[in-house]
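Student: below is the structure, and that's it, no one-letter string:
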Ligand SMILES: Cc1cc2nc3c(=O)[nH]c(=O)nc-3n(C[C@H](O)[C@H](O)[C@H](O)COP(=O)(O)O)c2cc1C
């Protein structure tokens with residue numbers, strides 16, 4: 001159970017990301033300073049059907065706490081039952097409702113961002129989930145469906161229904177990922193609710209975190225894409241916000257973390273795990289790392305990384321980076 005008052009403020013949390021914020025990446029983010037983790041969304045319908053793969057997705061390691069499991073769905077009874085099942089099996093510290101996903105498959109079923117257009121249904125979902133579980137219920141949403149002012153009334157609906165925390169991505173559903181996150185608008189919504197509120201969208205550096213916090217007046221930030229390939233971001237921002245500048249990770253540190261991440265990833269996903277890990281490798285080695293490693297042909301290394309099939313192949317690539325033959 002999250003004890004909100006005991007959290008160091010501002011909270012610097014990992015945002016939920018499908019296929020990304022899974023158990024291994026959450027553990028890595030936690031080790032590197034994330035103070036709260038939002039697990040990738042799982043389908044409430046699949047949880048209620050006791051789909052083994054979905055239930056396994058929601059399992060977590062005690063070291064990940066405090067951890068919030070996100071679920072998506074549109075039917076209040078199903079959402080409440082899914083929350084109950086997840087609480088009974090795993091006891092996460094909170095359960096989050098996805099009210100922001102813009103993807104067609106989600107919104108066409110009245111899930112995700114669609115709920116912004118159906119406040120009555122959003123309210124019923126929260127109320128029924130509240131009645132079904134003890135853990136706090138939070139909501140992650142966007143500024144609006146088409147209008148970026150929808151959130152100004154929507155946050156009141158969420159609070160009245162019994163949500164304990166709101167996170168807002170500063171874009172509308174119609175925007176998808178285009179344009180820039182509008183942290184000022186999140187700040188206007190902030191004034192319409194007494195709940196703790198997290199600002200989200202485009203926060204990738206300490207300076208941007210400072211600006212987002214000032215402009216939104218939020219209690220915390222959610223970091224999504226900025227953490228991919230860069231889980232050091234949590235400590236960097238936490239320390240940066242109190243005036244401590246931290247050097248970017250050395251190549252040795254980068255390799256240490258990737259080795260740890262891949263070993264946890266393979267332990268979780270087995271044989272098929274390596275192709276799934278390529279997307280993380282593409283992020284970890286995306287940046288131009290030339291200056292620190294002039295002997296490395298990064299174009300060649302990156303093209304090998306996106307084709308890697310086994311841990312042994314990966315180790316060979318790492319040895320080329322380390323300059324060991
Ligand atoms: C690969 C990916 C998967 C995502 N999956 C989810 C999800 O499962 N639930 C959710 O609420 N948001 C999801 N999001 C949205 C992020 O949580 C976040 O709101 C968005 O990326 C903006 O924040 P950022 O600029 O820090 O990335 C996802 C984003 C990405 C890039």
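Tutor: Alright, I've got the coordinates. Not measured: the values here are computed from a predicted model.

Student: gap between stretch 100-112 and the chain center?
Tutor: 17 Å (CA atoms, centre = their mean, to the nearest Å).

Student: so how far is the ligand from the closest residue to residue 206 other than its chain neighbours?
Tutor: Take residue 206 and drop its neighbours on the chain: the residue closest to it by CB to CB, 6 or more residues apart in numbering is residue 240, 3.0 Å away. Any C-beta I mention is one placed from the backbone N, CA and C, and that applies to glycine too. With the distance defined as CB to the nearest ligand atom, to the nearest Å, residue 240 ends up 16 Å from the ligand.

Student: right, and residue 240 touches residue 208 too?
Tutor: No: here residue 240 lies out of contact with residue 208, judged by CB atoms under 8 Å, at a distance of 10.3 Å.

Student: what's the offset of stretch 47-59 from the middle of its chain?
Tutor: 19 Å.

Student: average pLDDT across it?
Tutor: Average pLDDT, stretch 47-59: 98.

Student: flag every buried residue along it.
Tutor: Within stretch 47-59, the residues that count as buried by 16 or more other CB atoms under 10 Å are 47, 48, 54, 55, 57, 58.

Student: repeat for stretch 27-36
Tutor: Residues of stretch 27-36 classed as buried: 27, 28, 29, 30, 32, 33, 34, 35, 36 (neighbour count, 16+ other CB under 10 Å).

Student: sorry, back to before: widest-spaced pair of the buried residues of stretch 47-59?
Tutor: Maximum pairwise distance in the buried residues of stretch 47-59, criterion CB to CB, is 14.2 Å, between 48 and 57.

Student: picking up where we left off before, take the buried residues of stretch 47-59 and write them to JSON lines, including distance to the ligand and secondary structure.
Tutor: What follows is those, written out as JSON lines (distance: CB to the nearest ligand atom, whole Å; DSSP: H, G, I helix; E, B strand; the rest coil):
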{"residue": "47", "distance to the ligand": "14", "secondary structure": "helix"}
{"residue": "48", "distance to the ligand": "18", "secondary structure": "helix"}
{"residue": "54", "distance to the ligand": "13", "secondary structure": "helix"}
{"residue": "55", "distance to the ligand": "17", "secondary structure": "helix"}
{"residue": "57", "distance to the ligand": "11", "secondary structure": "helix"}
{"residue": "58", "distance to the ligand": "12", "secondary structure": "coil"}
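
Student: ok, these vs residue 85, which is closest?
Tutor: residue 47 (5.4 Å).

Student: now the closest one: how far from residue 258?
Tutor: In this view, residue 47 and residue 258 are 32 Å apart by CB to CB, to the nearest Å.

Student: check residue 310 too.
Tutor: Taking CB to CB as the measure, residue 310 falls 15 Å from residue 258.

Student: comparing the two, which residue is more hemmed in?
Tutor: residue 258 (22 against 11; other CB atoms under 10 Å).
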